[in-house]
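Student: Sequence and predicted structure are below.
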Amino acid sequence: MSLGEGSGRPSIADDKAQWLSEKANWIRLSAMSMTNHAKLGHTGGDLSSADILATLYLGQILNVDPNKPLLQERDRFVMSKGHCSGAFYSTLAARGFFPIEQLKTFMEPLSMLNGHPDRNKLPGVEANTGPLGHGLPIAVGMALAARMRNEAWRVFVLVGDGELQEGSNWEAAMCAQQYSLDNLIVIVDRNRIQQGDFTESTIRMEPLMDRWTAFGFAVQQLDGHDHLALHQAFSSVPLEKGKPSCFIATTIKGKGVSFAENKPAWHHGVPTEEQLEIAQRELGVEATW
Ligand SMILES: Cc1ncc(C[n+]2csc(CCOP(=O)(O)OP(=O)(O)O)c2C)c(N)n1
Ligand SMILES: [Mg+2]
């Protein structure tokens with residue numbers, strides 16, 4: 001059956017969705033190779049967010065130009081879950097912001113590819129993130145700046161679900177509502193796992209849709225691994241004029257790699273050479289770099 005068939009929704013071409021799916025798996029394997037190489041990283045959240053990142057950057061949702069990374073009218077993307085830099089850097093490289101070979105330097109001394117993204121070092125990075133709970137406040141400030149300058153660019157921000165336990169997110173959300181920032185799009189990587197355990201066993205997130213709605217957002221839940229759904233959703237922002245948008249993307253932490261799926265231990269698990277080979281087979285992609 002074709003990917004969009006029977007869903008009744010407008011779709012990008014099936015071959016484009018298939019292409020995005022292959023790119024997302026390339027991002028997954030690349031991130032795991034980086035973690036294997038550096039012996040550090042955040043595999044689980046890299047894998048859960050790969051489809052979202054691929055759709056934004058390679059599905060032509062974000063209006064960005066890797067040859068002019070600081071163009072004023074570009075859309076901004078803030079990787080608030082900055083610990084998942086392996087997936088983020090792999091996506092930026094795949095989009096052409098810097099050579100793919102540079103991914104090999106992940107976390108080496110003097111590398112531009114720090115464990116956490118640094119906007120002063122790497123083209124395409126819009127905000128320094130890693131300490132959880134900072135990306136959304138920064139994104140709200142950016143969206144407000146665009147509004148004050150009467151400029152049309154949008155701000156997309158990807159947050160982790162465990163990250164939402166940081167109170168600063170909810171202060172920022174109140175501010176976004178106050179200023180009716182419908183140029184702000186929050187995407188929650190709802191993989192149900194944080195560091196060490198499931199979110200619902202730590203600090204419950206549900207009812208998450210109701211919470212965002214109560215904070216003045218137009219909210220939509222969707223499958224965070226369905227490229228057609230992601231593409232359609234991100235193409236139809238704002239969800240409601242005058243309101244910031246929030247997409248709760250249901251994902252699987254460790255998605256695509258059997259031994260890592262849904263396992264809290266793989267939050268920052270480091271794959272061995274053998275595990276990398278298994279991952280490559282399961283993801284069905286050629287070696288990355
Ligand atoms: C303020 C802060 N506290 C703690 C950490 C350590 N830390 C890194 S990732 C993480 C868990 C994040 O979970 P989640 O937001 O669900 O991310 P994902 O599942 O997408 O990896 C923690 C506690 C941090 N980076 N920043
Ligand atoms: Mg999580």
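Tutor: The structure has been received and is ready for your questions. Just so it is clear, the model here is predicted, and its values are computed rather than measured. Numbering: from 1, shown residues only. Ligands and ions are numbered 1, 2, ... in the order given.
Student: Based on its surroundings, how many neighbours for the residue of the stretch 151-289 of the chain found nearest ligand 1?
Tutor: Nearest residue of the stretch 151-289 of the chain to ligand 1 (Cβ to the nearest ligand atom) works out as G160 at 2.0 Å. C-betas here are computed from N, CA, C, even on glycine. If you count neighbours by other Cβ atoms under 10 Å, G160 ends up with 29.
Student: excluding its backbone neighbours, what's nearest it?
Tutor: Spatial nearest neighbour of G160, excluding adjacent residues (Cβ to Cβ, 6 or more residues apart in numbering): K81 at 4.0 Å.
Student: Repeat that for A229.
Tutor: A229's closest residue in space is L222 (Cβ to Cβ, 6+ apart), at 4.8 Å.
Student: That neighbour: what's it in contact with?
Tutor: Residues counted as contacts of L222 (Cβ atoms under 8 Å, 6 or more residues apart in numbering) are 229-230, 233, 247-250.
Student: from those residues, which would you call buried?
Tutor: 229-230, 233, 247-250 (16 or more other Cβ atoms under 10 Å).
Student: from the contacts of L222, which ones fall inside strands?
Tutor: 247-250 (DSSP state E).
Student: which of those residues sit farthest apart?
Tutor: F247 and T250 (10.1 Å; Cβ to Cβ).
Student: joint contacts of the two?
Tutor: Contacts common to F247 and T250, judged by Cβ under 8 Å, 6+ apart, are 221-222.
Student: out of the buried ones among the contacts of L222, which one sits closest to L144?
Tutor: F247 (20.4 Å).
Student: which one is that closest one nearest to, not counting chain neighbours?
Tutor: I187 (4.9 Å).
Student: dump the residue contacts of that neighbour.
Tutor: Per Cβ under 8 Å, 6+ apart, neighbours of I187: 52, 156-159, 246-247, 249.
Student: before we move on, back to that, got a pLDDT number for the residue of the stretch 151-289 of the chain closest to ligand 1?
Tutor: pLDDT, G160: 98.
Student: Got the phi and psi for it?
Tutor: phi -80, psi 160 (degrees, to the nearest 10).
Student: Could you measure from it over to E277?
Tutor: 28 Å (Cβ to Cβ, to the nearest Å).
Student: Kindly report the same for Q18.
Tutor: Taking Cβ to Cβ, one finds Q18 at 24 Å from E277.
Student: buried stuff in stretch 68-81?
Tutor: In stretch 68-81, counting by 16+ other Cβ under 10 Å, buried: 69, 74-81.
Student: Same check on stretch 101-117?
Tutor: Within stretch 101-117, the residues that qualify as buried are 102-103, 105-107, 111-115, 117, counting by 16+ other Cβ under 10 Å.
Student: Could you export the residues you listed as a markdown table, including pLDDT, secondary structure and distance to L283?
Tutor: Output for those, formatted as a markdown table (pLDDT from 0 to 100; DSSP: H, G, I helix; E, B strand; the rest coil; distance: Cβ to Cβ, whole Å):
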| residue | pLDDT | secondary structure | distance to L283 |
| --- | --- | --- | --- |
| Q102 | 97 | helix | 22 |
| L103 | 97 | helix | 16 |
| T105 | 97 | helix | 23 |
| F106 | 98 | coil | 19 |
| M107 | 97 | coil | 22 |
| S111 | 97 | coil | 25 |
| M112 | 97 | coil | 26 |
| L113 | 98 | coil | 21 |
| N114 | 97 | coil | 26 |
| G115 | 98 | coil | 23 |
| P117 | 98 | coil | 24 |
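Student: between these, which is nearest ligand 1?
Tutor: G115 (9.8 Å).
Student: so what's that closest one up against?
Tutor: 40-41, 83, 85, 107, 130.
Student: who in the stretch 1-150 of the chain is up against ligand 1?
Tutor: By Cβ under 6 Å from any ligand atom, the residues of the stretch 1-150 of the chain that approach ligand 1 are 42, 44-45, 48, 81, 83-84, 130-133.
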